[in-house]
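Colleague: Build me a model from this:
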Amino acid sequence: MNETANLALPLLAPAQAQKHVTVNEALVRLDGITQLRLSSVTETTPPAAIEGMAYGVPAGAVNEWAGQEGSVAIASGGGWVFVVPTRGWNALVLDAGAL
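Modeller: Below is the predicted model:
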C-alpha cells in the first residue's frame, strides 16, 4: 500500500474496492496525531480502547501493543491503529503534565 511521505497516511489505489476503509483509516490517524495528546507513555498493558485516546507505546508492551514500541497507539473501532512518530513531533503527555 502506498503512503504519504510525512504522516504515512494510506493512499487509495486505482480501482480499489472498499475505498472507505482506507479513507477512514487515514482520517483516524490524522485525528489522533493532530494536536497530539498522549494519555500516558508508561502503560505497558493496553487499557480499554476509548475512541480517539492516544498512548505512547513503551518498551515491554504486551498484548495488542507487543512489537509496537515507540509507536503512538490510537484507539479506533474497539482496537488500535499504530503510527510511528518522526523527528520533530511534539505531544502533551497528560498523566505527566509535560511535553
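
Colleague: Which secondary structure state is assigned to the residue lying farthest from the centre of the chain?
Modeller: For the chain, the residue at maximal distance from the C-alpha centroid (C-alpha atoms, centre = their mean) is residue 15, at 27.0 Å. Following DSSP: H, G, I helix; E, B strand; the rest coil, residue 15 is assigned to coil.

Colleague: per-residue confidence for it?
Modeller: Looking at residue 15, its pLDDT reads 90.

Colleague: dump the residue contacts of it.
Modeller: Residues in contact with residue 15 (C-beta atoms under 8 Å, 6 or more residues apart in numbering): none are found. Where you see a C-beta, it was placed from the backbone N, CA and C, and this is true even at glycine.

Colleague: Quick one, grab the pLDDT at the closest residue to residue 42 other than its chain neighbours.
Modeller: Sequence neighbours aside, residue 58 is the residue nearest to residue 42 in space, at 5.8 Å (criterion: C-beta to C-beta, 6 or more residues apart in numbering). pLDDT, residue 58: 98.

Colleague: I'd guess residue 58 is in a helix, am I close?
Modeller: No - assigned with three-state DSSP, residue 58 falls outside any helix and is coil.

Colleague: picking that back up, the residue farthest from the centre of the chain and residue 62, how far apart?
Modeller: Distance of residue 15 to residue 62, given as C-beta to C-beta, to the nearest Å: 40 Å.
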